[in-house]
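Peer 1: here are the coordinates; sequence isn't available:
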């Protein structure tokens, strides 16, 4: 019996059972109805292991290869006298690729998978970052298109090892961030959970790494009503970029249970928003096989629910699989690493505040850019329209916005411009 969507008032070919809410929120069923399932896309799952792979919703999966980077063998399920527990990976894999009509259908049930165990649940040590990097190298060697990584590192390290701080969440300081940046330059699309720390009392970011990287999609969590889950980590990065990037359901996500071949359970966390977003990315790539990882990121952000007003709570908003898959990319690409920092100039008897905006050239543009246009709007005023702040040449990568009061909030956007005057899709930052 076809299931009626509660959001779109359509009937779908599949009976999604209790998993309907999490995929329907992302507008996935219309792509399934068109015959797309992630087929031909290779996804590497990096997690704490994977138990119960004989589950009725998992036994169809095309598993290309497996490796346990913690214990050094090909078995990614729990074994006696070995370190780590694989129950978390059972749930994330079911979220992205489960297929049992009437119970669970993941967005990319037809994709192929690499399963890498890099997280050791026995402790929290920096060697796990090394395991993750080894997993990313392994994925690259085997031709992975996407890495779905439902883990992250920042604090609560054990065995006397030092924590990272919020200032280290700048996309380039942590060991794992350095590795993720290299993987992104190799063309792999990386989706990572944003973290489960919620807001901080001091107002600084609560992100985990490598979600802080510019080339990584940080997936935040919403509940079934589309509101941000209270535990979902927030930005900005320490260098002033908007995070998370996009949102998906991460509260009471329906997935495979680690015990029982026909058992299911509800799971909470950005760990489950991450594979949902990665599954959408696989559908996009199946439909657009020539797109780069940056192209997919642009499409996801440009079609998400708050694409024209991103913030550090929900990023660009909840993803829309169908809109992103059929998004018309522009011939010129947005600049990268768009960031803002507010600088206080002390003149003794008063302070003057300046926003310093910085960005980097996008190598995909290959010499097309003749200028960059930077726009801004003050969010504390009734006028919510963007105005042009500056247009600078293609070799300029920073500007100053002067005359700002300390408490004022500005949303900035930047576009690359080619010789025909065409603007790229914008990149945004907020201060």
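Peer 2: In hand now; what should we look at? This is a predicted model, so every value here is computed, not measured.
Peer 1: CA only for contacts and neighbour counts going forward, please
Peer 2: OK.
Peer 1: how many residues are close by residue 152?
Peer 2: 25 (other CA atoms under 10 Å).
Peer 1: surely it is in contact with residue 206?
Peer 2: No: between residue 152 and residue 206 there is no contact under CA atoms under 8 Å: 11.4 Å.
Peer 1: can you list residues touching both of the two?
Peer 2: residue 195 (CA atoms under 8 Å, 6 or more residues apart in numbering).
Peer 1: now residue 67: how far from residue 347?
Peer 2: Here the criterion is CA to CA, to the nearest Å. By it, residue 67 lies 59 Å from residue 347.
Peer 1: neighbour count winner among the two?
Peer 2: residue 67 (21 against 8).
Peer 1: and the helix or strand containing residue 138, which residues are buried?
Peer 2: For residue 138, the host element (DSSP states H and E) is helix 127-141. Across helix 127-141, burial judged by 16 or more other CA atoms under 10 Å covers 128-140.
Peer 1: partners of the next helix or strand after that helix, with directions?
Peer 2: Remark: after helix 127-141, the chain's next helix or strand is strand 146-149, criterion DSSP H and E. Strand 146-149 pairs in its sheet with strand 42-47 (parallel), strand 189-193 (parallel), by DSSP bridges.
Peer 1: immediately after the shortest one, which helix or strand?
Peer 2: Put plainly, it is strand 189-193. Next along from strand 189-193, by DSSP H and E: strand 216-222.
Peer 1: need the residues that contact the helix or strand just after that next one.
Peer 2: Sequence order places strand 246-249 as the next helix or strand after strand 216-222, per DSSP H and E. Applying CA under 8 Å, 6+ apart, the contact partners of strand 246-249 are 22, 25-26, 217-224, 226, 272-274, 276-277, 300-301, 304, 314-319.
Peer 1: pLDDT averaged over strand 246-249 - what is it?
Peer 2: The average pLDDT within strand 246-249 is 98.
Peer 1: now do that strand: distance to the chain's middle.
Peer 2: Here the centre of strand 246-249 is set off from its chain's centre by 9 Å, with CA atoms, centre = their mean, to the nearest Å.
Peer 1: now swap in stretch 215-232 and tell me
Peer 2: 10 Å.
Peer 1: start and end of it, how far apart?
Peer 2: Distance between the two ends of stretch 215-232: 20 Å, counting by CA to CA.
Peer 1: got the buried residues for it?
Peer 2: Along stretch 215-232, these residues count as buried under the neighbour rule (16+ other CA under 10 Å): 215-224, 226, 228-229, 231-232.
Peer 1: and which of these is nearest residue 325?
Peer 2: Nearest to residue 325, judged by CA to CA, of the buried residues of stretch 215-232 is residue 217 at 16.4 Å.
Peer 1: list the contacts of the closest residue to the closest one other than its chain neighbours.
Peer 2: Leaving aside its sequence neighbours, residue 217 sits nearest to residue 191 (CA to CA, 6 or more residues apart in numbering; 4.7 Å). Counting by CA under 8 Å, 6+ apart, residue 191 touches 146-149, 211, 216-219, 274-275, 277-278.
Peer 1: using TSV, please lay out these together with pLDDT and distance to residue 176.
Peer 2: Below are these laid out as TSV (pLDDT from 0 to 100; distance: CA to CA, whole Å):
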residue	pLDDT	distance to residue 176
146	98	17
147	98	14
148	98	14
149	98	12
211	98	10
216	98	12
217	98	14
218	98	14
219	98	17
274	98	17
275	98	19
277	98	21
278	98	19
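Peer 1: and the buried residues of stretch 215-232, which is closest to residue 13?
Peer 2: residue 224 (22.0 Å).
Peer 1: list the contacts for the closest one?
Peer 2: By CA under 8 Å, 6+ apart, the contact list for residue 224 reads 21, 22, 249, 251, 252.
Peer 1: from the residues you listed, which would you call buried?
Peer 2: Looks like the contacts of residue 224 have 21, 22, 249, 251, 252 buried, using 16+ other CA under 10 Å.
Peer 1: from the centre of the chain, point out the most distant residue.
Peer 2: residue 349 (44.6 Å; CA atoms, centre = their mean).
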